[in-house]
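Trainee: After the sequence you'll find the predicted model.
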Amino acid sequence: MELRRGRRDGKTKPTTPAPEVSDSESLLFGGPLRYDTGWSQHNDAFLELNFRGMVRRLPGLLAASFRLARQADPRATNTVLAAEAVRGAAQAVSLLAVNSVLSRVIGGGALEERLRGAVPALVVMAAVALVGALLRAASTHATGRLEPKVERVATELYLERAAGVELAAIEDHAFHKLLDTAQYGAASARRMIMYGTRVVNAMISLIAAAGVLTVLHWALLPLLVTMTLPSAWSALTNARRRYESFHVWVQHARAGHLLSGLLTEPAAAPEIRVHGVGPFLLRHYRQMSETAEAEQARLARLAARTGLFAAGWTGLATVATYATLGGLLLAGAMALSVAGTAVIAIRTGSASLDTLVLEVNQLHEEALFVGDLQRLYTEAAKRAIPAGGEPLPEDPREIRFEHVTFGYPADSGAARPALDDVSLTIPLGRIVALVGENGSGKTTLVKLLAGLYTPDKGQILWDGVDAADADRHALAERIAMVAQDFKRWPFTARVNVAVGRSSAAPTDQRVAAAVADAGAQEVVADLPRGLDTLLARNFSGGHELSGGQWQRLGIARAAYRRGRILIVDEPTAALDARAELEVFERIRGLADSGQTVVLITHRLASVRHADLVHVLDQGRLVESGPPEELLAAGGLYAELYALQAEQFAAKVPAPAAPEAG
Ligand SMILES: Nc1ncnc2c1ncn2[C@@H]1O[C@H](COP(=O)(O)OP(=O)(O)OP(=O)(O)O)[C@@H](O)[C@H]1O
């Protein structure tokens, strides 16, 4: 399922057909399992490349890769350019020397005299060959230094830009596709350096050969061009087809990689075995591979046809060239020595032109991928988290949401926004709980609070300052967050805590304090190598934690960050009853020390610790107030509370008495 250098597996059919299901599976699932995985709706016909457009784009792309090379290593770039330019010129001098040798040898006079006359030109040829060899060595050495540096610089820029965009961009499928295609740009930039140097070299030797031909007879140059045009056309046409195909198929290939990854991934392994998901995934994988193979076959068929047509055209042009040369000789319009030089110049010229076409074609193919990388750079710069902005008040009293409406960009077809005209206050230094049923908008609200998204309508005011205009990095500095799906970094336990503030050098004391704050001492004590235990099961010496143990480390990470506002989204979902109680006590303690806590939880009994509760329902704020007041008011909060309380109050049915007899 590889694309590009084996990953260009082709065109997408816009939909992946529903899989065939065997009888046994039909029985197993109680009916045929016919649905597609949901990846197939992609409409990516944005490419409008034509032959002229490709030629026009080339200088710009070449210049861009030259800029990258200069950025990576200016000295090596200059060495390569100078060496290649002089090498090309040396080839021109060499061709002129050949011309001189031939005219001496074919010209009049005694043989010995003619040979002696050719000696200076032969010496020049030898000197030029020596200089050429030295320059080639210099160029090879400098290119070898330059290429990996170019790839590193391009990759770093790619990763830096990707990490610096808004969360909304990362969730946008078009941007994600660009991230996917652009990842190959750095390796292409590296190869562009190699092809670029060859193109410069071939161009200069071609100019030399063309110059010689023009001097010999004006009609020879257009004939040379006619001879080489077909292969240029065929090579560029095939390159364009492969590139278009790659673009249309990139999502398909991504899905294929994802499927094959799922089949071997430890996290999916239990369900694959218990629910029998393996055959389902394999079927999809096979189907994707087969359609990809069909695309490769289509490309090969087209390439063969184009190549055959181009070869015929080249053959005819070659016959015409040599017929013209013969005609000129027969008509006495050209001397034999000149015709001899012309044959050599045509051969050299067409060889240079062939090389040029081949290398330009390679360069062009790479340039297209570098073009993707540049598009990503531009797009990422547009969607970057803005730097600078208004300073936030040093010690704000409250954060106020005013008529905030927000809908996820990736979910434009949603029936209602995730948050709809929400106005509420978060007083600082208190515990504020967000309560509501699944999907009511609690997580969305805290993501907006943390500056991960900006409202579509309304404002989030830190005292008087609108968060949309504030310095986003300064805002993030004040937030510590334990998200519902916080990252379980595949590093040591110590790093998993200290990554909460990776800009500061971790001290044992600070890590230990954070671990204690989260009540995670026992978790760490049970680890085989304490804080230095690697928490990545797939590595040797790696260890896996339980969900609840991870959750404590997540809380330790947030404690380590020491942000002024602590956001905890379902902090106790994976904790046992005793641990849950302890974590809430600690959260209460944090608030006593002046820390603001924004708490999302479904455990309403724990909400009694909160100073203020906001109740959300379908993206709207429906109730706000201290927990006791909300209970007394008999609204949604009281209803949800009563539902949970009933579960505990419900009597466990007594076991039925054994029947007599
Ligand atoms: N990244 C996302 N992209 C698109 N839609 C999203 C995204 N995250 C959430 N939503 C949608 O936004 C709405 C609110 O989701 P949110 O996660 O804020 O709810 P919640 O109250 O935190 O739910 P839960 O109690 O289940 O955690 C839901 O309809 C959900 O489908």
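Mentor: Cool, the structure landed.
Trainee: quick one, helices of the stretch 451-600 of the chain?
Mentor: Counting by DSSP state H, counting those that start in this stretch, the segments of the stretch 451-600 of the chain that form helices are 472-477, 493-498, 508-517, 521-525, 547-561, 577-592.
Trainee: hmm, I was thinking of the stretch 1-150 of the chain
Mentor: Taking DSSP H, counting those that start in this stretch to define them, one finds helices in the stretch 1-150 of the chain at 23-29, 51-72, 74-106, 111-163.
Trainee: Most tightly packed of those?
Mentor: The highest mean neighbour count among those, using mean count of other Cβ atoms under 10 Å, belongs to helix 74-106: a mean of 19. In this view, the C-beta of every residue, glycine as well, is placed from N, C-alpha and C.
Trainee: about what we covered before: any idea which of the helices of the stretch 1-150 of the chain scores lowest on pLDDT?
Mentor: For the helices of the stretch 1-150 of the chain, the stretch scoring lowest in mean pLDDT is helix 23-29; its value is a mean of 30.
Trainee: Enumerate the residues of the stretch 301-450 of the chain near the ligand.
Mentor: When proximity is defined by Cβ under 6 Å from any ligand atom, the stretch 301-450 of the chain lies next to the ligand at Tyr408, Ala410, Asp411, Ala418, Gly436, Asn438, Gly439, Ser440, Gly441, Lys442, Thr443, Thr444.
Trainee: check contacts around the nearest residue to the fourth one once chain neighbours are set aside.
Mentor: Same thing as Ala418. Counting by Cβ to Cβ, 6 or more residues apart in numbering, the nearest residue to Ala418 once its immediate chain neighbours are dropped is Thr444, at 4.3 Å. Listed by Cβ atoms under 8 Å, 6 or more residues apart in numbering, the contact set of Thr444 reads Phe406, Tyr408, Ala418, Leu419, Tyr453, Gly619.
Trainee: For Thr444, pull up the helix or strand it's in.
Mentor: Secondary-structure element containing Thr444, defined by DSSP states H and E: helix 442-449.
Trainee: Check the average confidence over that helix, would you?
Mentor: Averaging pLDDT along helix 442-449 yields 95.
Trainee: Export that helix to PDB, keeping only CA atoms.
Mentor: Taking C-alpha atoms only, helix 442-449 is exported to PDB below (Å, rounded to 0.1, in the frame of the first residue of the first chain):
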ATOM      1  CA  LYS A 442     -18.600  20.700  28.600                       C
ATOM      2  CA  THR A 443     -15.300  19.700  27.000                       C
ATOM      3  CA  THR A 444     -15.800  22.200  24.200                       C
ATOM      4  CA  LEU A 445     -16.300  24.900  26.700                       C
ATOM      5  CA  VAL A 446     -13.000  24.200  28.500                       C
ATOM      6  CA  LYS A 447     -11.100  23.900  25.200                       C
ATOM      7  CA  LEU A 448     -12.400  27.400  24.400                       C
ATOM      8  CA  LEU A 449     -11.300  28.600  27.900                       C
END
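Trainee: Using PyMOL, make a named selection holding only the buried ones among the residues of the stretch 301-450 of the chain next to the ligand.
Mentor: Per 16 or more other Cβ atoms under 10 Å, the buried members of those correspond to this PyMOL selection:
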select buried, resi 418+436+440+441+442+443+444
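Trainee: With mean neighbour count added, can I get the helices of the stretch 451-600 of the chain in TSV?
Mentor: Listed next are the helices of the stretch 451-600 of the chain as TSV, based on neighbours: other Cβ atoms under 10 Å:
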stretch	mean neighbour count
helix 472-477	16
helix 493-498	23
helix 508-517	17
helix 521-525	15
helix 547-561	23
helix 577-592	16
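Trainee: rank those helices by pLDDT, which is bottom?
Mentor: When these are compared on mean pLDDT, helix 577-592 scores lowest, with a mean of 73.
Trainee: Can you verify my assumption that Ala69 contacts Met194?
Mentor: No: under the criterion of Cβ atoms under 8 Å, Ala69 is not in contact with Met194, lying 11.0 Å apart.
Trainee: and the chain, which of its residues are near the ligand?
Mentor: Remark: the part of the chain in contact with the ligand comprises 171, 408, 410-411, 418, 436, 438-444, using Cβ under 6 Å from any ligand atom.
Trainee: Which residue does the stretch 451-600 of the chain have closest to the ligand?
Mentor: When distances are taken as Cβ to the nearest ligand atom, the stretch 451-600 of the chain approaches the ligand most closely through Gln484, which lies 6.0 Å from it.
Trainee: Ok, the stretch 101-250 of the chain next?
Mentor: When Cβ to the nearest ligand atom is the measure, the stretch 101-250 of the chain has its nearest residue to the ligand at Glu171, with 5.5 Å between them.
Trainee: That residue and Tyr408 touch, don't they?
Mentor: Yes: here Glu171 lies in contact with Tyr408, judged by Cβ under 8 Å, at a distance of 7.2 Å.
Trainee: got the CA positions of stretch 168-177 in PDB?
Mentor: This file holds the C-alpha atoms of stretch 168-177, laid out as PDB (Å, rounded to 0.1, in the frame of the first residue of the first chain):
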ATOM      1  CA  ALA A 168      -8.800  23.700  14.200                       C
ATOM      2  CA  ALA A 169      -6.300  23.300  11.400                       C
ATOM      3  CA  ILE A 170      -5.100  19.900  12.600                       C
ATOM      4  CA  GLU A 171      -8.700  18.800  12.700                       C
ATOM      5  CA  ASP A 172      -9.400  20.100   9.200                       C
ATOM      6  CA  HIS A 173      -9.300  17.200   6.700                       C
ATOM      7  CA  ALA A 174      -8.000  19.400   3.900                       C
ATOM      8  CA  PHE A 175      -5.100  20.600   6.000                       C
ATOM      9  CA  HIS A 176      -4.400  17.100   7.200                       C
ATOM     10  CA  LYS A 177      -4.200  15.900   3.600                       C
END
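Trainee: For that stretch, which residues meet the burial criterion?
Mentor: Those would be Ala169, Asp172, Phe175, Lys177, for stretch 168-177 by 16+ other Cβ under 10 Å.
Trainee: I'd guess Arg416 is in a helix, am I close?
Mentor: No: under DSSP: H, G, I helix; E, B strand; the rest coil, Arg416 sits outside any helix and is assigned coil.
Trainee: for the nearest residue to it once chain neighbours are set aside, phi and psi?
Mentor: Of all residues not flanking Arg416 in the chain, Gly619 sits nearest, at 5.8 Å (Cβ to Cβ, 6+ apart). When quoted as degrees, to the nearest 10, the phi and psi of Gly619 stand at phi 80, psi 0.
Trainee: And Asp617, by the same measure?
Mentor: Backbone dihedrals for Asp617, given as degrees, to the nearest 10, come out at phi -140, psi 120.
Trainee: Check what pLDDT the residue sitting nearest the centre point of the chain gets.
Mentor: For the chain, the residue whose C-alpha lies nearest the mean C-alpha position (Cα atoms, centre = their mean) is Leu179; its distance is 2.9 Å. According to the model's per-residue confidence, Leu179 sits at a pLDDT of 89.
Trainee: Tell me which helix or strand it sits in.
Mentor: When secondary structure is defined using DSSP H and E, the element that contains Leu179 is helix 173-182.
Trainee: Same check on Leu308?
Mentor: Under the criterion of DSSP H and E, Leu308 resides in helix 277-330.
Trainee: now that helix: how far from the chain's centre is it?
Mentor: Relative to the chain's own centre, helix 277-330 is displaced by 30 Å; criterion: Cα atoms, centre = their mean, to the nearest Å.
Trainee: just checking, what packs against it?
Mentor: Judged by 3 or more Cβ pairs under 8 Å, 6 or more residues apart in numbering; DSSP states H and E, helix 277-330 is in contact with helix 220-264, helix 269-274, helix 336-382.
Trainee: Select, out of the ones you listed, the one closest to Gln551.
Mentor: Each of the helices and strands packed on helix 277-330 was checked against Gln551 via Cβ to Cβ, and the shortest separation belongs to helix 269-274, namely 20.2 Å.
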